[in-house]
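Participant: just a sequence and a predicted model for now, questions to come.
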2 protein chains.
Amino acid sequence: MSDAPVRAARRGGGGAARRAARTAVSVETEKFITRNIPHYEVLTEEALDLIEANAETVLAEIGVNFVDNPDALDRWRAAGADVQGERVRIPRGMARKLCATAPSKFTQVARNPDRNVEIGGDSLVLAPVYGPPFVRDAAGGRRYATMADFEKFVKLGYMSKWLHHSGGTVCEPTDVPVNKRHLDMLLAHMIYSDKPFMGAVTEPSRAQDSVEMCEILFGKDFVQDNTVMTSLININSPMTFDNVMMGALEAFAQNNQASIISPFIVGGAMAPVSVAGTLTQVLAEVLAGVAYSQLVRPGAPVIFGAFVSSIDMNSGAPTFGTPEASHITYGAGQLARRLGLPYRSAGSFCGSKLPDAQAAYETANSLQTGLLAGVNFMLHACGWLEGGLVASFEKFVMDADQLGTLHHFARGVDTSQAGLALDAIEEVGPGGHYLGCTHTQANFETAFWRSNLLDYKTYETWYEEGARDTQALAAARVQKLLDTYQQPSIDPDVEARLRAYVAEKKASMPDAFT
Amino acid sequence: MSDAPVRAARRGGGGAARRAARTAVSVETEKFITRNIPHYEVLTEEALDLIEANAETVLAEIGVNFVDNPDALDRWRAAGADVQGERVRIPRGMARKLCATAPSKFTQVARNPDRNVEIGGDSLVLAPVYGPPFVRDAAGGRRYATMADFEKFVKLGYMSKWLHHSGGTVCEPTDVPVNKRHLDMLLAHMIYSDKPFMGAVTEPSRAQDSVEMCEILFGKDFVQDNTVMTSLININSPMTFDNVMMGALEAFAQNNQASIISPFIVGGAMAPVSVAGTLTQVLAEVLAGVAYSQLVRPGAPVIFGAFVSSIDMNSGAPTFGTPEASHITYGAGQLARRLGLPYRSAGSFCGSKLPDAQAAYETANSLQTGLLAGVNFMLHACGWLEGGLVASFEKFVMDADQLGTLHHFARGVDTSQAGLALDAIEEVGPGGHYLGCTHTQANFETAFWRSNLLDYKTYETWYEEGARDTQALAAARVQKLLDTYQQPSIDPDVEARLRAYVAEKKASMPDAFT
């Protein structure tokens, strides 16, 4: 490949001081996004009415299953639903009415109050990938994730300027027994980061452990009065609520902790092979799940979730960043706003095996859609690879950098006198240039979003530095962030009590690996 | 790198027949996009009013320069503008009034009438990259473009399902003299494709040559009555209209041929370092340019153009796919609709040197924005690399594949009974799956957009096939398309006359390389 420069460089610029400022590593975290822009709405009022009416029909006539959960069936029966076996049929309007006690907006408190996030309204909170059993990096390839990988991701998240939330199971630490890994994961979020985090949902008892660890970190009364965890409760679509996830939801709701109630849908497999049909089912499932949370504790904070991909009918693989997924993301946002609930959707979704162009096209499609769709909580906002099987170190920092574009876009357009810049146009006039004019000098440093990762160099410099692609630039950034990571301070007594709690819990159980 | 599979494959599927259907090469071209979706509008009415008022101030008080063009100055003087030297000051309201004779929508005819495109209204026409002096592919690296490269791009464009237009200077054939290459380029568009194309703008005489070649291809009278070319007229921002571009515009307008009148702006250099300031200048420039086209010939078809990138204030490089560029693309779309003109903006823009993740993030950001901004003609919709210095073979087919997502998104959401799919939800019920249900069987083949390029395979299959990234998959697709290319039929007499015209013209001039 003949990549040597064959033409003069474009104009360079920038002194040593600016270069130093650019290469310094900052642990500054931007505040969660507050949108100053309109939403994009793909559905008409008439279409929304149809979907809402059909969702009520689904709940009233088909119903949903609450599996292995007699308490849940009792709660539904007491509320006036028609319960036959495990099938719960909810009269028209009842679920929506129950949802009304859920807050439209809530604050999740972090141990560093500067990192508190508001979830709902015009806000957008960004959290990293959740759940992959594998990790990948350029040096080591694809391999099962370990607790050491998990800790690295928590550190990268802590150092990511545009990431507001430390997330939950950023990857599955497969070297720790299944029944104990939640303890190590929570400890890592609490110690290595000061951003808000998620609780464990894989058993109701692990949700309870999460609450108890938060009581050590924040204080027992504080946890009852404040939401300090937002956890991920998936619905087994279609229309099935299993006792593990519902048990975790019950534990969190009873303790005033937030849950994302989220259909998990590969369209064509777990929902109809159409956008409006999928939206109908998503709405029915969320209505049932949120209504149930309010039966457990009226006022419990919850989020309208929609995890949606579509299926490739040739291979059976889930696909991401597709136009149908975007339609659903926009439509579900409209439905969530009509319900008055915070909304979770979108993310750094892609099906690619590598952090290559496919990964980036698909991810960018989803991130942009999430911003304009009015998403309030974006899980998986960085690091997702291979349909969620893999957490990629390089893609984590690549996506985290792109999240900066969402912050800048959400600011909207400045139409103050300074923004309109008529004086600059007058100063420069026909045939001039704006590089040195007064308005440019006053505004250039903050005017445009600038990547901290992507290549903006001249061809010649880029070539001399090794003709690196984005993955190579990202690998260098991962290393730099980990090399310069410094743990945020924590009360040593609190840390000791957390460690003691984890040690004691782990010693109290035999290891389980399934 | 340890990439060997470590886990069971996901479910496979698909028989030999489906595989054969998938691997066959089709030259089907989808009709231009007709939007069935709303626009995204980032500016309020009040902000639009302010920008429009300021643009009138720019025209009336600062004015624009028409350089080395006494005829243009005469036309402006006769229309009532204030002309001093080469500076033209246009009284408030006059430019907008002159623009009113430009059509809000026009048809560009192709030699294959199935390929005619409508430009304006709800339509979106996609055309390839324009202008790069270099080409790149994985095998040969970066090098000066030649006529052989140009012909390959025209063939790839012809075979791209989602590309409606053959474009213009897809790359600069630097091995042909500057004063003759337009003849070879036009001949290639006319012979190797049957999609619509663009004319030459680098000298007024070359615009005239373009008209004469179209007269051979379509017939002399036909060309006077129909628009058969849409050409790119750049404004030298800020506010300068040079005689070369204006001469080409005059030639096209006098012959009823369409021009994109397009400020060429790197924000911070050729326009203020702010979104609203840049929009003000873009609007003033387009108003002056379109008004001038209507002075030349009332009713001449024109397009409101906005080519916008922002500058990286550290390196001086233009940057792409940024939030500020998106703001401008959305805002300019609103301004164009208020003027009642077709709108050109967005494209496969990126600054990356390689068709890697950076290229794809930036490109996806711009393509999505162009769709929702109401762009009617998207030049550079595929193949752009390295800030427009390079036309990439691999990126051409990568982007062209992504253009399929725009088509599917633009269809909007089907809320017919079939789309709502309530029967499917009833058929499947809680805990079932939709893979074999009646609704899925009836709809799965057309329900979801499917890439013809990206990797949807299982990890194991992908690994066994060489663990290829997107660039490698694209390189294989480029080769396959070129290997299977077949020239569309053309009247041999017309082809002979075109070749004779080109040979005669080339023989009539000495070579010029600058």
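Facilitator: Yes, it's here. Worth saying up front: this structure is predicted, and the values here are computed from it rather than measured.
Participant: quick check, central residue of chain A?
Facilitator: A:Leu379 (1.5 Å; Cα atoms, centre = their mean).
Participant: not counting sequence-adjacent ones, nearest residue to that residue?
Facilitator: A:Ala127 (5.0 Å; Cβ to Cβ, 6 or more residues apart in numbering or on different chains). Heads up, the C-betas are built off the backbone N, CA and C, glycines and all.
Participant: quick one: is stretch A:286-295 near chain B?
Facilitator: No - using Cβ under 8 Å from any Cβ of the partner chain, stretch A:286-295 stays clear of chain B, with a minimum separation of 10.2 Å.
Participant: any idea which helix is longest in chain A?
Facilitator: When chain A is parsed with DSSP state H, its longest helix is helix A:275-296.
Participant: after it, next one along is what?
Facilitator: strand A:302-305 (DSSP states H and E).
Participant: helices or strands up against that following strand?
Facilitator: The contact analysis (3 or more Cβ pairs under 8 Å, 6 or more residues apart in numbering or on different chains; DSSP states H and E) places strand A:302-305 against strand A:230-235, strand A:258-267, helix A:275-296, helix A:323-339, strand A:343-344.
Participant: list the contacts of stretch A:500-514.
Facilitator: A:Pro177, A:Val178, A:Asn179, A:Lys180, A:Leu183, A:Asp184, A:Leu186, A:Leu187, A:Asp209, A:Glu212, A:Met213, A:Ile216 (Cβ atoms under 8 Å, 6 or more residues apart in numbering or on different chains).
Participant: make sure the fifth one is actually in contact with A:Asp209.
Facilitator: In other words, A:Leu183. Yes - using Cβ atoms under 8 Å, A:Leu183 is in contact with A:Asp209, at 6.5 Å.
Participant: who's more crowded, those two?
Facilitator: Using other Cβ atoms under 10 Å in any protein chain shown, the more surrounded residue of A:Leu183 and A:Asp209 is A:Leu183, with 24 against 21.
Participant: now whichever strand or helix holds the more buried one - C-alpha only, CSV.
Facilitator: Per DSSP H and E: A:Leu183 is located in helix A:181-192. The C-alpha trace of helix A:181-192 is given here as CSV (Å, rounded to 0.1, in the frame of the first residue of the first chain):
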residue,chain,number,x,y,z
ARG,A,181,-19.8,-11.5,41.4
HIS,A,182,-22.4,-8.8,42.1
LEU,A,183,-20.6,-8.1,45.3
ASP,A,184,-17.3,-7.5,43.6
MET,A,185,-18.9,-5.4,40.9
LEU,A,186,-20.7,-3.1,43.2
LEU,A,187,-17.6,-2.7,45.3
ALA,A,188,-15.7,-1.7,42.2
HIS,A,189,-18.3,0.9,41.2
MET,A,190,-18.3,2.3,44.7
ILE,A,191,-14.6,2.4,45.2
TYR,A,192,-13.1,3.1,41.7
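Participant: residues contacting the residue nearest to A:Leu379?
Facilitator: A:Leu163, A:His164, A:His165, A:Ser166, A:Gly167, A:Gly168, A:Met198, A:Phe377, A:Met378, A:Leu379, A:His380, A:Ala381.
Participant: returning to that earlier point: state the distance from the residue nearest to the centre of chain A to A:Met147.
Facilitator: 21 Å (Cβ to Cβ, to the nearest Å).
Participant: show me the helices in the stretch 301-450 of chain A, by range?
Facilitator: A:323-339, A:357-372, A:393-410, A:417-420, A:422-428, A:438-447 (DSSP state H, counting those that start in this stretch).
Participant: what's the answer for the stretch 1-150 of chain A, then?
Facilitator: Along the stretch 1-150 of chain A, the segments classed as helices by DSSP H, counting those that start in this stretch run A:16-23, A:45-57, A:70-79, A:94-99, A:147-158.
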